[in-house]
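Asks: Next input, structure requested:
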Amino acid sequence: MPLTYDIFTASAGQTDFAVAFPYIDVSHIKCSIDGAGTTAFSVNTSTNTLTLNVAATGGEKVRVFRQTPGRSTGDADLIVDFQDGSVLTESDLDTSQKQLLYLAQEAQETGQAALPVDAFGNYDANFKRITNLGSANDDNDAVRKS
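Replies: Numbering: from 1, shown residues only. Have a look, this model is predicted:
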């Protein structure tokens, strides 16, 4: 069971989707519909519900996920920036630790979803379908059957 996202198959006209994972700030909650990111939603923090501005079509895959800042370099990604001589609060320490924990969880789930290489240097799809292949450039490329 994922810790950082949920994927829903929408019913026709559905707008509300549960946010069942923890997050530090509501701005860290993201959404994609059939793989395309969208910002046309709002989040009700009292009910932990994401509401799409435009209702989903039946059968669309709606992915609600957390994207904690900190994947790029630099201090701009630190949620808490400690300063010399400042008071060290429990809240700041908790937030800093949560940021690291959430980034580790997101990295782990991203890695688990990747196509790993086995001990012989071959990609192992672990019996999952591979989709969205491009056109073949030569006889040794992976291609679609049709």
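
Asks: Isn't Val54 up against Ala40?
Replies: Yes - counting by CB atoms under 8 Å, Val54 does reach Ala40; the two are 6.2 Å apart. Just so you know, the C-beta spots here come from the backbone N, C-alpha and C atoms, and that holds for glycine as well.

Asks: Show me the strands in the chain, by range?
Replies: Under the criterion DSSP state E, the chain carries strands at the ranges 5-9, 16-18, 29-33, 36-38, 41-44, 49-52, 61-66.

Asks: now those as a markdown table including mean pLDDT, mean neighbour count and distance to Gln83?
Replies: What follows is the strands of the chain, written out as a markdown table (pLDDT from 0 to 100; neighbours: other CB atoms under 10 Å; distance: least, CB to CB, whole Å):
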| stretch | mean pLDDT | mean neighbour count | distance to Gln83 |
| --- | --- | --- | --- |
| strand 5-9 | 97 | 15 | 34 |
| strand 16-18 | 98 | 15 | 38 |
| strand 29-33 | 97 | 18 | 29 |
| strand 36-38 | 96 | 10 | 35 |
| strand 41-44 | 98 | 15 | 31 |
| strand 49-52 | 98 | 17 | 35 |
| strand 61-66 | 97 | 19 | 27 |
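
Asks: Just send those strands back as CSV, with distance to Thr131 too.
Replies: Shown next, in CSV, are these (distance: least, CB to CB, whole Å):
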stretch, distance to Thr131
strand 5-9, 15
strand 16-18, 23
strand 29-33, 15
strand 36-38, 15
strand 41-44, 25
strand 49-52, 24
strand 61-66, 12
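
Asks: Show me the one of those that comes nearest Leu100.
Replies: Between Leu100 and the strands of the chain, the tightest spacing by CB to CB is seen for strand 61-66, at 13.8 Å.

Asks: what comes into contact with that closest one?
Replies: Counting contacts by CB atoms under 8 Å, 6 or more residues apart in numbering, the residues outside strand 61-66 that touch it are 4-10, 14, 17-19, 21-23, 28-35, 50, 52, 56, 102, 106.

Asks: same thing but at 7 Å, please
Replies: Identification of contacts with strand 61-66 by CB atoms under 7 Å, 6 or more residues apart in numbering yields 4-10, 17, 19, 21, 23, 28-34, 50, 56, 102, 106.
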